[in-house]
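Engineer: got a sequence here, can you model it:
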Amino acid sequence: MCYRVWEKLQHEKKWTLHDLRRTLATRLNDLGIPPHVVEHLLGHSVSGVEGIYNRSHYINEKKIALERWLDEIQREAVVESEKAL
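Structural biologist: The predicted model follows:
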């Protein structure tokens, strides 16, 4: 298991892998990804009637969400690299 990753990466502030999940969920919602798609990406079970009757895996929607996330990360990387110039 990845224990104390923040130290191994020589980061000053402590963080956990769960923080990455929280960041992903927050940022995908900020990008307009429907909350149910985010929940499925995180592997959360869906409760209630929806969890019983809706057996969709939302493959296309999850692919789109992850592509948008990749685009956002790449955009931010470009911005950061331009700041360094």
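
Engineer: quick one: average pLDDT of the helix or strand encompassing Arg68?
Structural biologist: Using DSSP states H and E, Arg68 sits in helix 59-84. For helix 59-84, mean pLDDT is 94.

Engineer: what's the distance between the residue most central in space within the chain and Ser81?
Structural biologist: Taking Cα atoms, centre = their mean as the criterion, Leu24 is the residue nearest the geometric centre of the chain, at 2.3 Å. Noted for Leu24: a distance of 22 Å to Ser81, by Cβ to Cβ, to the nearest Å. All C-beta spots, glycine's among them, are computed from the backbone N, C-alpha and C.

Engineer: check Asp30 too.
Structural biologist: Counting by Cβ to Cβ - Asp30 and Ser81 are separated by 22 Å.

Engineer: do the same with Trp6
Structural biologist: For Trp6 relative to Ser81 (Cβ to Cβ), the value is 23 Å.

Engineer: look at those two and report which has more neighbours.
Structural biologist: Trp6 (15 against 9; other Cβ atoms under 10 Å).

Engineer: before we move on, which element is that one in?
Structural biologist: Counting by DSSP H and E, Trp6 is found in helix 5-8.

Engineer: just the CA trace of that helix, in CSV.
Structural biologist: Backbone C-alpha positions of helix 5-8 (Å, rounded to 0.1, in the frame of the first residue of the first chain) are rendered in CSV as follows:
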residue,chain,number,x,y,z
VAL,A,5,3.2,9.1,-0.2
TRP,A,6,3.5,12.8,0.5
GLU,A,7,6.8,12.2,2.2
LYS,A,8,8.1,10.0,-0.6
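
Engineer: report all helices and strands that it contacts.
Structural biologist: If contacts are counted by 3 or more Cβ pairs under 8 Å, 6 or more residues apart in numbering; DSSP states H and E, helix 5-8 sits against no helix or strand.

Engineer: helix or strand next in line after it, which one?
Structural biologist: Criterion used, DSSP H and E; the element after helix 5-8 is helix 17-30.

Engineer: between that next one and helix 59-84, how many degrees?
Structural biologist: Orientation check (axes from the mean of the first three to the mean of the last three Cα atoms, to 10 degrees): helix 17-30 against helix 59-84 gives 100 degrees.
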